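Undergrad: Let's see this in three dimensions:
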Amino acid sequence: MNKAVSFVLFLLVVVGGGLTIGTLTIPGEWYAALEKPFFNPPNWVFGPVWTALYLMIAFVGWRVWHRKERGALMSLWVLQMGLNFLWSPIFFAAQQPLWALGVIVLLFLTLLLFMRLAWRQDRLSAVLFVPYLAWVGFATLLNGAIVVLNSGQ
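TA: Down below sits the predicted model:
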């Protein structure tokens, strides 16, 4: 498969998948009724941030796919993508913020492992995941705060 076609496929899977999951799990009345921490950003922030992150995630996945030695890096990339896509259905559709917190902590740890390994093999991919790690760290804090603030409900 040539590089242009594979890049388009990575974009379709990552950006398309993320946008589809986001559309299918739009926060509804349940989420609106939850108590949220003071640092909860307005809802309009999430779409643009995730779109930019998904573009970087797709690019990194594409880079790793075209490496000669892609084994562990590709496995970690696929794992983080699965955890990423799993979080919204658990949090919003299943309305299980505690379970979602477990998923996002695993995502954060997977990103750290990916970045550690990529730092030695593909430094650009590691650097491109810095904003992703920062956002997932923030989202983990936000998810945790929502769990604590709503634990009596």
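Undergrad: rest of the way, CA atoms for contacts and neighbours
TA: Noted.
Undergrad: For Met1, give me the pLDDT.
TA: pLDDT for Met1: 66.
Undergrad: and what of Ala72?
TA: Reported pLDDT for Ala72: 92.
Undergrad: need the contact list for it.
TA: Counting by Cα atoms under 8 Å, 6 or more residues apart in numbering, Ala72 touches no other residue.
Undergrad: Quick check: the gap between the nearest residue to Gln95 once chain neighbours are set aside and Gly61.
TA: What sits nearest to Gln95 in space, not counting adjacent residues and going by Cα to Cα, 6 or more residues apart in numbering, is Trp30, at 7.7 Å. Computed with Cα to Cα, to the nearest Å, the distance linking Trp30 and Gly61 is 34 Å.
Undergrad: can you check Gly28 too?
TA: Between Gly28 and Gly61 the computed distance is 32 Å (Cα to Cα).
Undergrad: Can you check which helix is longest in this protein?
TA: In the chain, taking DSSP state H as the definition, the longest helix is helix 97-121.
Undergrad: helix or strand right after it?
TA: Using DSSP states H and E, the helix or strand that follows helix 97-121 in sequence is helix 123-128.
Undergrad: Could you list every helix and strand in contact with whichever strand or helix holds Asn143?
TA: For Asn143, the host element (DSSP H and E) is helix 130-149. Packing partners of helix 130-149 (3 or more Cα pairs under 8 Å, 6 or more residues apart in numbering; DSSP states H and E): helix 97-121.
Undergrad: Could you check how far the helix it packs on is from the centre of its chain?
TA: Relative to its chain's centre, helix 97-121 lies at 9 Å (Cα atoms, centre = their mean, to the nearest Å).
Undergrad: For Trp30 and Gly61, work out which one has more neighbours and name it.
TA: Taking other Cα atoms under 10 Å, Trp30 and Gly61 do not tie; Gly61 has more neighbours (22 against 10).
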